[in-house]
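Asks: build me a model:
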Amino acid sequence: MKEYVDFLGSQPPYDALSGDELERLLEGLEVEFFAAGTTIVQADGEPLDHLWVVRTGLVEVVDRGRVVDHLVPGDTFGHISVLTGMAPALTVRAAEDSLCLRLPDPRSVLTDASRLRFSHFGTMISRERLTSTGNLDHTPGSARGLMRPLITAEHDEPVSVVAGRVTEGNHSAALVRSPTAWGVVTDRDFRGRVATGEVPLSAPVGELASFPAITISEDFSQAAAFSRMIAQGVHHLVIVDSRGTPQGIIRAVDFASAEIRNPLQVRGLIDGAGDLDALQAAARLLAPSLIELGASGMPASQIGSLHASIIDAVLRRMLELLDDEQPDPAPAWVVLGSLARREPLPHSDVDTALVLPGTGDHQREDCLRWAEQVLSALETCGLSRCDNGANATNPLFARSRDEWDAAVARWLADPMGEQTLLLSSIVIDSRPVAGVALGRTVTDAIRRHRPGAEFLGRFVRECTAVKPPSGFVREFVVDHGGHHRGQLDLKRGGLLPVAALGRWVAMVTGDARGGTLDRLRRGREAGLLTHDEADTLDAAFDQVYDLLLRRDLASLAVGGTASTYLDPRELDSLTRRHLRETFRAVASVQESVLAGWTRRVGA
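Replies: Residues are numbered from 1 along each chain as shown. Got it, this is the predicted structure:
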């Protein structure tokens, strides 16, 4: 028995159990021998009431007659059927003589079975049903946990009175109420404008405060609060309840880690850059800041969001520094792709587009020259333009408001047109950064011109065309067609299929806001995705994006080049296990959406 306790206790997820729990689980252990070629689990058979762990030998997973995976000692199988009560989806058989440890349903013998975190990423089942905890929060705590009590003031109170109140309260800011809005006055305002004599002590504090105050819901995580602080370039956030009533205030210094504060310092340097040289110096701090955030354990999605916010700030400051040379009236700048979704990787290109203020040829030429100047300057800051031509200097991505509107209407009406589906996808993944009102033309056109059934049919096929790999067989990747390849393209095989389903949701709903996870949530709320499908895609995206971003940061740290490819032999057994389950689950959602899209959209 000790041999099995030692073996199982060293294998995830069983290594999360205490010694007593592990022994309790193994009280029901049976050791089974399977000769090569023996079927252990039959696809579509009766639901299982036990699971297996491979002890010795080699077990293969078979999908409709094709071997898609190999399981080695330490791998668990059968648990999905046990935990869900559903029939096994795949056949499992011994590839060679094998010993397997047969275990009972953990929930029947363990006091707290939720400590066993099986490969939930690809189960097509929400995590609540696997663990019965219902806890899906990956964030390190709510923003409310860092909230400080409010010091309030009326807008017509003297500056001297409010400054004294802030000092007595050992605070750094006060919330100022005007007849129409809440504002914030900070110790920086007192030092920078009152101490210098710009604003007298007798002046109404409303003259000193910034309106409106930047707010965040008390339901948001601390990471989300910090991301908003970076995006807005402020040092104080007001926390509000569901009715919008201020509850407290959170400060930049309340984020204890110097590594976490670093992006805010970078953002301050960017905003304060007085010339191009200063902006280049500030932008060079972005890479080490991202590396430090990765080392601090910040979630990958949050690092991506902060990264996008800082790139936005660099672009906006660049436009301000080059203001004397820009056309008048100025075009709107729009970012595209993963940057628009706030999901860039450290080595990602900066894809851009323009919304021109007019249609004249002379004005168009001026704007294209201006765009070349801006992109060239951004490259000196370490931000590369798109190698595939999705740039503001390309006339295909530089159109007037009316031209963008007409183009979107044409694409949605004629899905057979050249590049229609590609350009429609690019439009969905767009976000204005400068000249926002004009820049919203691009995505607003999707809401104005709703796609018909013919377009949606072609679009859903396009969005499900790239399939994840089927699994791994030793050092090879098995693609959807059954071919064995030496390397895994994580971006194409793992990230792109999920992001594409998010784009499909955005097209159907007419709502292109946010990133992939926001879109998946809206898809669930609109009935376009089931709860299990949305949970599965959410977890799949989170896992693959995290793996890609960590690899990219490691490469960045040693001055390496970006690559989304990896050798399967680089993966540990747990990561391989999670990935193969992830790929199968995403492929299953793709098939289900493709087969039933008309019912889902009500077409």
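Asks: now residue 249, what are its backbone angles?
Replies: Main-chain torsions, residue 249, degrees, to the nearest 10: phi -140, psi 150.
Asks: so what's it bridging to?
Replies: residue 148, residue 238 (DSSP bridges).
Asks: also residue 430?
Replies: With DSSP bridges as the rule, residue 430 is bridged to residue 336.
Asks: residue 217 too?
Replies: Bridge pairing for residue 217 - DSSP bridges - gives residue 240.
Asks: now do the helices in the stretch 1-150 of the chain.
Replies: Here the stretch 1-150 of the chain has its helices, by DSSP state H, counting those that start in this stretch, at 2-9, 19-26, 79-84, 127-131.
Asks: these: lowest mean pLDDT?
Replies: Among the helices of the stretch 1-150 of the chain, helix 127-131 has the lowest mean pLDDT, at a mean of 29.
Asks: for the stretch 351-500 of the chain, which residues score under the pLDDT cut-off?
Replies: 471, 473-486 (pLDDT under 70).
Asks: can you give me the strands for it?
Replies: For the stretch 351-500 of the chain, the strands defined by DSSP state E, counting those that start in this stretch cover 352-356, 398-400, 430-434, 471-473, 476-478, 484-485, 488-489.
Asks: please parse the chain into its domains.
Replies: 2-118, 136-256, 450-601 (automatic domain parsing).
Asks: give me the neighbour count for residue 278.
Replies: 15 (other CB atoms under 10 Å). In short, each C-beta sits where N, CA and C put it, glycine included.
Asks: OK, contacts around it?
Replies: 269, 272 (CB atoms under 8 Å, 6 or more residues apart in numbering).
Asks: so it, which state does it fall into?
Replies: helix (DSSP: H, G, I helix; E, B strand; the rest coil).
Asks: possible to save the domains of the chain as JSON lines with mean neighbour count?
Replies: Formatted as JSON lines, those follow (neighbours: other CB atoms under 10 Å):
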{"stretch": "domain 2-118", "mean neighbour count": "17"}
{"stretch": "domain 136-256", "mean neighbour count": "17"}
{"stretch": "domain 450-601", "mean neighbour count": "19"}
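Asks: take the ones you listed and write them to TSV, including distance to residue 316.
Replies: Output for the domains of the chain, formatted as TSV (distance: least, CB to CB, whole Å):
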stretch	distance to residue 316
domain 2-118	42
domain 136-256	10
domain 450-601	20
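Asks: who wins for proximity to residue 293 among the ones you listed?
Replies: Closest of the domains of the chain to residue 293 is domain 450-601, at 8.5 Å (criterion: CB to CB).
Asks: can you get me the start-to-end distance on the closest one?
Replies: Terminal residues of domain 450-601 are spaced 12 Å apart (CA to CA, to the nearest Å).
Asks: stretch 144-157 now?
Replies: Separation of the first and last residues of stretch 144-157 by CA to CA is 28 Å.
Asks: just the mean pLDDT for that stretch, thanks.
Replies: Computed over stretch 144-157, the average pLDDT equals 88.
Asks: which other residues reach that stretch?
Replies: So stretch 144-157 is contacted by 161-162, 165-166, 169, 171, 173-179, 183, 185, 204-206, 209, 218, 222, 225, 239, 246-251, 254-255 (CB under 8 Å, 6+ apart).
Asks: what ranges do the helices span in the stretch 401-550 of the chain?
Replies: Applying DSSP H, counting those that start in this stretch to the stretch 401-550 of the chain gives helices spanning 401-413, 420-428, 436-439, 441-448, 453-463, 490, 496-509, 516-525, 531-557.
Asks: just the contacts of stretch 144-157: which are in helices?
Replies: The members of these that map onto helices under DSSP state H are 161-162, 165-166, 222, 225.
Asks: need the max-distance pair from those residues.
Replies: Going by CB to CB, the pair spanning those furthest: 161 and 222, at 32.6 Å.
Asks: mind showing which ranges of the stretch 1-150 of the chain have poor pLDDT?
Replies: Checking the stretch 1-150 of the chain against pLDDT under 70 turns up 1-2, 10, 16, 114-115, 117-142.
Asks: per-residue pLDDT of the closest residue to residue 561 other than its chain neighbours, please?
Replies: The shortest distance from residue 561 to any non-neighbouring residue, by CB to CB, 6 or more residues apart in numbering, is to residue 555 (6.8 Å). Residue 555 carries a pLDDT score of 87 in this model.
Asks: my guess is residue 555 contacts residue 564. True?
Replies: No - Residue 555 is beyond contact range of residue 564, at 10.7 Å (criterion: CB atoms under 8 Å).
Asks: so what touches stretch 497-504?
Replies: 338, 341, 343, 425, 428-429, 459-460, 462-464, 466-468, 515-517, 519-520, 523, 528-529, 537, 540-541, 544, 586-587, 589-590, 593.
Asks: and if we set it to 6 Å?
Replies: Contact partners of stretch 497-504, identified using CB atoms under 6 Å, 6 or more residues apart in numbering, comprise 425, 428, 460, 463, 466, 468, 516, 519-520, 537, 540-541, 586.
Asks: surely residue 600 is in contact with residue 528?
Replies: Yes - Residue 600 lies in contact with residue 528 (CB atoms under 6 Å); the separation is 5.1 Å.
Asks: picking up where we left off before, among the contacts of stretch 497-504, which two are most distant?
Replies: 428 and 468 (21.2 Å).
Asks: re earlier: quick one: the helices of the stretch 1-150 of the chain as a markdown table, columns for distance to residue 279 too.
Replies: Below are the helices of the stretch 1-150 of the chain laid out as a markdown table (distance: least, CB to CB, whole Å):
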| stretch | distance to residue 279 |
| --- | --- |
| helix 2-9 | 54 |
| helix 19-26 | 56 |
| helix 79-84 | 52 |
| helix 127-131 | 44 |
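Asks: of those helices, which is nearest residue 379?
Replies: Among the helices of the stretch 1-150 of the chain, helix 127-131 sits nearest to residue 379 (CB to CB), with 42.9 Å.
Asks: next up, the contacts around residue 169.
Replies: Residue 169 neighbours (CB under 6 Å, 6+ apart): residue 151.
Asks: for residue 505, which of the helices of the stretch 1-150 of the chain is the nearest?
Replies: helix 127-131 (21.0 Å).
Asks: after the closest one, which helix or strand is next?
Replies: Helices and strands here follow DSSP states H and E; after helix 127-131, the next one along the chain is strand 152-154.
Asks: name the strands paired with that next one and say parallel or antiparallel.
Replies: Under the rule (DSSP bridges), strand 152-154 has strand 173-177 (parallel) as partners.
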